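Asks: this is a predicted model, with the sequence first.
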Amino acid sequence: MINKANKEGYGHMMDKNDYKADTENGKLNRSLSTRQIQMLAIGGVIGVGLFYGSATAVKLAGPGVLISFILCGILAIIVMRSLGEMTVENPVAGSFSHYAGEYLGSRIGFLTAGMWWFYWVATVMSELAAIGKLIQYWYPAFPVWLPGLIALVLFTLSNLLAVRIFGEIEYWFAVLKVFAIAVFMVFGFLIIMTGVFNGGNPVGLTNLWVNGGFLPHGWLGVLATISLVVQVYSGIETLAVEAGESNNPASTMKKAFRSVSYRVFLFYVGSILIMLSAFPWTYVLESNVSPYVLLFAKIGIPFAAGLVNLIIILSAFSSCNTGIYGGSRMLYGMAEKGLYDQKFTRLNRNSVPHVAVWATAIMISFGVLITYLAPDNVYIWITSASAFASLWTWGTILVSELVFRHKANKANRPLQYRIPFWPVLPIIGLVMVLIAFIAIATSPLTKISVFGGISWLVLLIIYYEVKVKRRMKGMNWIAEEKDSSQVDIL
């Protein structure tokens, strides 16, 4: 239970004694360090969407996919800066669903939590599907669904361990992925600028506009990639959820939000630019492997392409690991507020919400079945559905920040981590979210998949109206405000 906010705003910053009390009172164990939190956030975002999904995006838009990566990256930074402002003031496990409930009402808070849980379930489904495809690089006849099933079992067990052990496992996974991208960028840069590995002939940037031009499929091709690229950046907001298990969120989260957003933008835009410049984008049309594997195959270093493929598989493992973590913590946060069954608040001896972990894993397992039934189409189907859920979350974060900042300004409340150029940046972000949604909903490749996300949203609305709304009236998760600075919540 969280008490009524004081007149300086909702909630209060916890000190170290509060963190100790969390463990003693059966709460989540605040044992994630600064380095683990930063790498968890980076690791959750750098996954198959970049390494594998980027190949599909390049096929759809050619070099023009770079536009999608830049615009979606700017949107992700705006969202993270908005979320950071609220998180530094009030770091809680429910994160943006908690803020949505506080500033936009319990219904929106409930829907946001449910949509984000759906996002991680769908994302891990797509990652598991991609793992099977990547294994087929070595063993073409290997069943696509089997590696995903094995990975799901392994990382469900990983998530049941003490959170600091989970954090350490994910930390080294993330380090490996960052190292792989860095090596890729270095070798690609050498090919572009010096011609090494290319007969001594510098490639330059000409590959960006030859072979059909910069927009070989026009602007419609760029729009068709939006769902894939949004999904690439999605998950970065997990950083805020981790605040509930940070050992010192007051200082940790400010540093993490500042560094993670720009690092991810640099890795993504930088690596895609290098990839599109180092070799003709048409190479991707001739192969089903990752563009990152193609580059190392072009270099000709023995076993390099296979090694990169292995790293991509490990990156998928990492994203699955983070996905089960994020989804289970959101279930825990909802149940703690009385929105879901109280069973999801049960902790094991490692202070991990084990029922929430198992529930998330069981739902993800349906993705293995879908992969078995439709191995060739499952990745883009599920990715599009998860992109819709992600856009809902991002839009809610931006609207919540606008209300939060308005109330803080009205109360002359000092904030530790203000978003600059307010309210211009959040409003620009909302316009970009709307454009991205229109692109996903109108693209022939993805509009059918969006139906899955909308169907889930409708189910959540019905569930709230039938099961939760009446209960919330007595619980006052978000009560009517008596003045501009006081809110009653659970």
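Replies: Arrived safely. Numbers count the residues shown, from 1 in each chain.
Asks: what's F279 sitting at in phi/psi?
Replies: F279 adopts backbone torsions of phi -150, psi 160, taken as degrees, to the nearest 10.
Asks: separation between it and A256?
Replies: Applying CB to CB, to the nearest Å, one obtains 35 Å for the distance of F279 from A256. Just so you know, the C-beta spots here come from the backbone N, C-alpha and C atoms, and that holds for glycine as well.
Asks: the more surrounded of these two?
Replies: Between F279 and A256, counted using other CB atoms under 10 Å, the more crowded position is A256 (28 against 20).
Asks: show me what counts as buried in the helix or strand hosting the more buried one.
Replies: In this assignment (DSSP states H and E), A256 forms part of helix 249-278. Within helix 249-278, the residues that qualify as buried are 249-250, 252-254, 256-257, 260-261, 263-265, 267-278, counting by 16 or more other CB atoms under 10 Å.
Asks: extract the CA atoms of stretch 465-473 and return them as PDB.
Replies: These are the backbone C-alpha positions of stretch 465-473, laid out as PDB (Å, rounded to 0.1, in the frame of the first residue of the first chain):
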ATOM      1  CA  GLU A 465     -15.800  -3.000 -16.800                       C
ATOM      2  CA  VAL A 466     -17.100  -6.400 -15.600                       C
ATOM      3  CA  LYS A 467     -14.600  -7.400 -13.000                       C
ATOM      4  CA  VAL A 468     -12.400  -4.500 -11.900                       C
ATOM      5  CA  LYS A 469     -14.400  -1.300 -12.000                       C
ATOM      6  CA  ARG A 470     -16.800  -2.200  -9.200                       C
ATOM      7  CA  ARG A 471     -13.900  -3.400  -7.100                       C
ATOM      8  CA  MET A 472     -11.900  -0.200  -7.700                       C
ATOM      9  CA  LYS A 473     -14.700   2.000  -6.400                       C
END
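Asks: residues in contact with that stretch?
Replies: Identification of contacts with stretch 465-473 by CB atoms under 8 Å, 6 or more residues apart in numbering yields S106, R107, F110, G338, L339.
Asks: count the residues that sit near the nearest residue to the last one once chain neighbours are set aside.
Replies: When you say that, I think you mean L339. Distances taken as CB to CB, 6 or more residues apart in numbering put F110 closest to L339, at 5.3 Å, once the chain neighbours are dropped. Residues contacting F110 under the criterion other CB under 10 Å number 25.
Asks: would you confirm that F110 contacts G333?
Replies: No. F110 sits out of contact with G333 when judged by CB atoms under 8 Å, with a separation of 11.0 Å.
Asks: who touches both of the two?
Replies: Once CB under 8 Å, 6+ apart is applied, the residues that F110 and G333 both contact turn out to be S97.
Asks: which residues touch S400?
Replies: Taking CB under 8 Å, 6+ apart as the contact definition, S400 lies against S82, M86, F96, Y99, A100, E102, Y103, L104.
Asks: how about the nearest residue to the first one, chain neighbours excluded?
Replies: Of all residues not flanking S82 in the chain, E401 sits nearest, at 3.8 Å (CB to CB, 6+ apart).
Asks: ok, that neighbour to W138 distance?
Replies: As defined by CB to CB, E401 lies at a distance of 46 Å from W138.
Asks: between these two, who's got more neighbours?
Replies: Taking neighbours as other CB under 10 Å, E401 and W138 compare with E401 leading, 27 against 10.
Asks: helix or strand: which one has F214?
Replies: Counting by DSSP H and E, F214 is held by no secondary-structure element, helix or strand.
Asks: quick check: the gap between it and G148.
Replies: The gap separating F214 from G148 is 36 Å, by CB to CB.
Asks: and those two? Which one has more around it.
Replies: Ranked by neighbour count (other CB under 10 Å), F214 and G148 place G148 first, with 30 against 15.
Asks: buried stuff in the helix or strand containing the more buried one?
Replies: Applying DSSP H and E as the criterion places G148 in helix 145-159. Of the residues in helix 145-159, those buried by neighbour count under the rule 16+ other CB under 10 Å are W145, P147, G148, L149, A151, L152, F155, T156, S158, N159.
Asks: do stretch 294-302 as well
Replies: L294, L295, F296, A297, K298, I299.
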